[in-house]
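Asker: Sequence first, predicted coordinates after that:
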Amino acid sequence: MDSIWFQILVIILGGLLAVVLIASVIIAVKIIQIIRIVKRITEKAESVADKAEHVTAFFEKTATPIAITKLVANISESLIKARGKKK
């Protein structure tokens, strides 16, 4: 009688083990897919950040010449207006 219960227990545990193994394989595959997606997203984010750094560096380099040009333009406009008022 004990051998029958032992065989039933072995069959039940074998079935549960098979289910757990299949579920763990499916979960592992899904985790790997998610990791790949996250890796692609981080690579794109790094690319965008690099482009933003290049843009800010460009504006830093051109900000001073633009400011000087605006200053000269404002001074020349002021001089032109002052000469127009004197006449």
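Answerer: Cool, got the structure.

Asker: What mean pLDDT does stretch 27-45 get?
Answerer: Stretch 27-45 shows a mean pLDDT of 97.

Asker: same deal with stretch 80-87?
Answerer: For stretch 80-87, mean pLDDT is 69.

Asker: what do you get for stretch 3-23?
Answerer: Taken as a whole, stretch 3-23 has an average pLDDT of 95.

Asker: Which residue lies nearest the spatial centre of this protein?
Answerer: A45 (3.1 Å; CA atoms, centre = their mean).

Asker: roughly how far is the helix or strand that that residue is a member of from the heart of the chain?
Answerer: Taking DSSP states H and E as the definition, A45 sits inside helix 2-86. Relative to its chain's centre, helix 2-86 lies at 0 Å (CA atoms, centre = their mean, to the nearest Å).

Asker: what packs against that helix?
Answerer: Contact partners of helix 2-86 among helices and strands, from 3 or more CB pairs under 8 Å, 6 or more residues apart in numbering; DSSP states H and E: none. Every residue, glycine included, has its C-beta placed from N, CA and C.

Asker: that older thread, return the distance of the residue nearest to the centre of the chain relative to K70.
Answerer: A45 sits 35 Å away from K70, going by CB to CB, to the nearest Å.

Asker: likewise K39?
Answerer: From K39 to K70 the distance is 45 Å (CB to CB).

Asker: Over to I22?
Answerer: Going from I22 to K70 by CB to CB gives 70 Å.

Asker: Likewise for R36?
Answerer: 50 Å.

Asker: now do A82
Answerer: Distance of A82 to K70, computed by CB to CB: 18 Å.

Asker: next one: R83
Answerer: Counting by CB to CB, the gap between R83 and K70 amounts to 20 Å.

Asker: likewise F58?
Answerer: 18 Å.

Asker: ditto for R40
Answerer: Going from R40 to K70 by CB to CB gives 43 Å.
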